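Visitor: Take a look and give me a structure for this.
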Amino acid sequence: MTMLPSKARILHRLLQFRYTCFGSPSCGKAASSRLVLGIETSCDETGAAVLDETGEILGESLHSQKDVHLRTGGIIPMVAQQLHREHIERVVQEALERSNVEPSQLSAVATTVKPGLSLSLGVGLEFSQRFVRQHNRPFIPIHHMEAHALTVRMLQPVAFPFLVLLVSGGHSLLAVARGVDDFLLLGHTLDEAPGDTLDKVARRLSLIKHPQCSTLSGGQAIELLAKDGDRTRFRFTTPMGQTYDCCFSFAGLRNQVTMAIVKKEAEEGIEQGTLLSCVNDIAAATQHTVASHLAKRTHRAILFCKANGLLPPSSPTLVVSGGVASNQYIRKALSLITEATGLQLLCPPPKFCTDNGVMIAWNGVERLREGKGILPPNVDVCYEPKAPLGVDMTAEVKAAAIKLQSVRMKIPN
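Guide: Reported below is the predicted structural model:
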């Protein structure tokens, strides 16, 4: 005779069914893992994503302002702020809906609070603080560059410490990542970032009028046209050749390029705003000089790390991230350096190099795991437009005055 299950066993099975449903991918893994909502508004992308603690992306949404800023010739902070305000609620709601996760199921909300455009950062922070207070969720403030540095760990197991080069429209820096919130800063930009330089050169060349480039960002347009250009036709000097540190400077290069453009406009008898016949060659030479500068500073950082035991002796790694890291020519230049010095080069896929909510959520996951920087919902947080990353070691690097052996930068387009 079969005995009927007790009420307790029936209840247990019902709970098991409920757990199985909510833990399955179709139900958003709500009960099987801690979940983090990431929100990104540091510049001109409104991004949100929900990740579980394994790094699986359960739902994401992104609103890009690129087309608007292409028409205005650059990012206007007040325009970026207004566009963030118009789209942030929808973007966050889409990420939650696509993940099938309710706000009450979130373990924390992680949001970029530094560095970036102050007006853009303010929108994301204001929305997030209102959200966590409404739903009584913990809040994790995120350093934008820290998030870029750690994104690779979402995609593959990369142990600390590793060297990281972060290059974007607003930043360039070299640092040793020793932990989730432990960085040694070896070098940073002294004036403008490489992405900003490429964008300004593209605007000065009026590449938006080029039939192949009308929908591309400045950096993308430079990379595309450079493929058919002769980089040796214009010989720009690599910046800071006699300064033996790991800091970057691109403003001088931009001045070199501008003078070359003015000279060619005079030779061709055209006014500013008209496409030159040699735009492909100028694009190729500019891109090569940017790549060479990044590669040489990274080479010195590697040698400094080796001399001071900052990287593991076996399988040391260079991680390259940020929007400019999507440039394949620059990746090839850096691969020449890592091959010559015995490092492994890792670059996240292009979609994870640019700003997005996924990288912010992952940084939140990493901090949640280690219990670092987690705040109750009622704590007031301020955004920081300028914020250094980690402990500044730039003076020590400069004092080491490491001279580089030549590495032939023969890079196919």
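Visitor: Return the distance of stretch 381-400 from the chain's centre.
Guide: Centroid displacement of stretch 381-400 relative to its chain, using CA atoms, centre = their mean, to the nearest Å, is 17 Å.
Visitor: correction: stretch 228-238
Guide: The answer for stretch 228-238 is 28 Å, by CA atoms, centre = their mean.
Visitor: What's the mean pLDDT across it?
Guide: Averaged over stretch 228-238, pLDDT sits at 96.
Visitor: Heading C-terminal from the helix ranked longest in the chain, find the next helix or strand.
Guide: Longest helix in the chain by number of residues, with DSSP state H as the criterion: helix 279-307. Going down the chain from helix 279-307, the next helix or strand is strand 317-321, by DSSP states H and E.
Visitor: That following strand: how far from the chain's middle?
Guide: Its chain's average C-alpha position is 12 Å from that of strand 317-321, according to CA atoms, centre = their mean.
Visitor: which residues are in contact with that strand?
Guide: 148-149, 151-152, 158, 162-167, 177, 298, 302, 311, 331, 334, 338, 343-348, 352-353 (CB atoms under 8 Å, 6 or more residues apart in numbering). The way it works is simple: take the backbone N, C-alpha and C, and place the C-beta from them, glycine included.
Visitor: Apply 7 Å and report the result again.
Guide: With CB atoms under 7 Å, 6 or more residues apart in numbering as the test, strand 317-321 has contacts from 148-149, 151-152, 158, 162-166, 298, 331, 334, 338, 343-348, 353.
Visitor: Check stretch 230-250 too.
Guide: For stretch 230-250, the surrounding residues in contact (CB under 7 Å, 6+ apart) are 172, 174, 186-194, 197, 252-253, 256-257, 260, 278, 281-282, 284-286, 288-290, 292-293, 296-297, 300-301, 394, 397-398, 401-403.
Visitor: Show the pLDDT at the spatially most central residue of the chain.
Guide: Residue closest to the mean C-alpha point of the chain, counted by CA atoms, centre = their mean, is Gly322 at 3.1 Å. We have a pLDDT of 90 for Gly322.
Visitor: Buried only: go through the contacts of strand 317-321 for me.
Guide: In those, burial by neighbour count holds for 148-149, 151-152, 158, 162-166, 298, 331, 334, 338, 343, 345-348, 353, counting by 16 or more other CB atoms under 10 Å.
Visitor: Go through those residues and flag which are in strands.
Guide: Of these, the ones assigned to strands by DSSP state E are Phe162, Leu163, Val164, Leu165, Leu166, Leu345, Leu346.
Visitor: So which other helices or strands are in contact with the helix or strand where Asp199 lies?
Guide: In this assignment (DSSP H and E), Asp199 forms part of helix 194-204. Packing contacts for helix 194-204, counted by 3 or more CB pairs under 7 Å, 6 or more residues apart in numbering; DSSP states H and E, involve helix 218-226, helix 251-268, helix 279-307.
Visitor: And those helices: which comes nearest Ser61?
Guide: Closest of those to Ser61 is helix 218-226, at 22.3 Å (criterion: CB to CB).
Visitor: Would you mind listing the buried residues in the closest one?
Guide: Residues of helix 218-226 classed as buried by neighbour count (16+ other CB under 10 Å): Gly218, Gly219, Gln220, Ala221, Ile222, Glu223, Leu224, Leu225, Ala226.
Visitor: In JSON lines, list those residues along with distance to Gly122.
Guide: Listed next are those as JSON lines, based on distance: CB to CB, whole Å:
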{"residue": "Gly218", "distance to Gly122": "26"}
{"residue": "Gly219", "distance to Gly122": "26"}
{"residue": "Gln220", "distance to Gly122": "28"}
{"residue": "Ala221", "distance to Gly122": "31"}
{"residue": "Ile222", "distance to Gly122": "31"}
{"residue": "Glu223", "distance to Gly122": "32"}
{"residue": "Leu224", "distance to Gly122": "35"}
{"residue": "Leu225", "distance to Gly122": "36"}
{"residue": "Ala226", "distance to Gly122": "37"}
